[in-house]
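J.: Everything below, folded, please.
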Amino acid sequence: MPSQVSFPQHSSAEKRRVLDAYLAGRTNWLAVTANNGISRSMAYRIADTGRVESLPRWGARPSVTKVTSEVKEHLEAYLNDNCTYTMETMRRMLILDLGTEGRVAPHEDLEILRLAPYSPMCNPIEGCFSVLKAHIKDALALDRDEICDRSNMTDTDGNRLTMKERTIRFLECAARRNIKYITPAVVANMELHARDSVNAAEEVKDMFYGK
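T.: Numbers count the residues shown, from 1 in each chain. Here you go, the predicted structure:
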């Protein structure tokens, strides 16, 4: 792999000699440029800007900075705590640590409540909906060709339905057909599963999905 090209660094004194020659109106000011080892393009830039000092490089610039120093400190703390964190994990952690405060700060009449992390395994309703959604997905997979075929479904006026309207109709139909799978036995099973998950959480034990 070729090494990175390095450009010669010129001192402020060399640039000053070029600028002084240009400002003095000397016809041979480009010769002064060559004698100081400065390229013509840089000489014209010095003449146009009138600046001989280099602009500061690196560091945080407000115009291009994507995160604040506070966010940077949090990211460094996350990595120091666990270097295996992914970017997605740290993004969620930042939202939990900083997102709420930033939105509530301008409102003095609001109070921030710290709630425990939510787990669907502790909610029997979530489990019942998971069963229903699984059956709906299976039903929609069988109707895939009909969903994509826009020529065989119209509204009451005979106009062809849009893809979104067709999908909604198929989704509603699949939900009505498969609601029967939410039986009392399924609800009772999900309640028992949620009970076991809550008990495990209280004892600081792992919760196992589907058991």
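
J.: After the helix or strand of the chain with the lowest mean pLDDT, which helix or strand is next?
T.: Within the chain, no helix or strand scores below helix 100-104, which has a mean of 50 by mean pLDDT, DSSP states H and E. Later in the chain than helix 100-104, the nearest helix or strand by DSSP states H and E is helix 124-142.

J.: That following helix - contacts with which helices or strands?
T.: With contacts taken as 3 or more Cβ pairs under 8 Å, 6 or more residues apart in numbering; DSSP states H and E, helix 124-142 sits against helix 163-178, helix 184-202. (C-beta placed from N, C-alpha, C; glycine too.)

J.: Tell me which of these lies nearest to E88.
T.: helix 184-202 (23.7 Å; Cβ to Cβ).

J.: check contacts around the closest residue to V67 other than its chain neighbours.
T.: Spatial nearest neighbour of V67, excluding adjacent residues (Cβ to Cβ, 6 or more residues apart in numbering): L75 at 7.6 Å. Taking Cβ atoms under 8 Å, 6 or more residues apart in numbering as the contact definition, L75 lies against 67, 90, 94.

J.: Just give me the least confident of the residues you listed.
T.: Ranked by pLDDT, the contacts of L75 bottom out at V67 (71).

J.: That residue and R195, how far apart?
T.: 43 Å (Cβ to Cβ, to the nearest Å).
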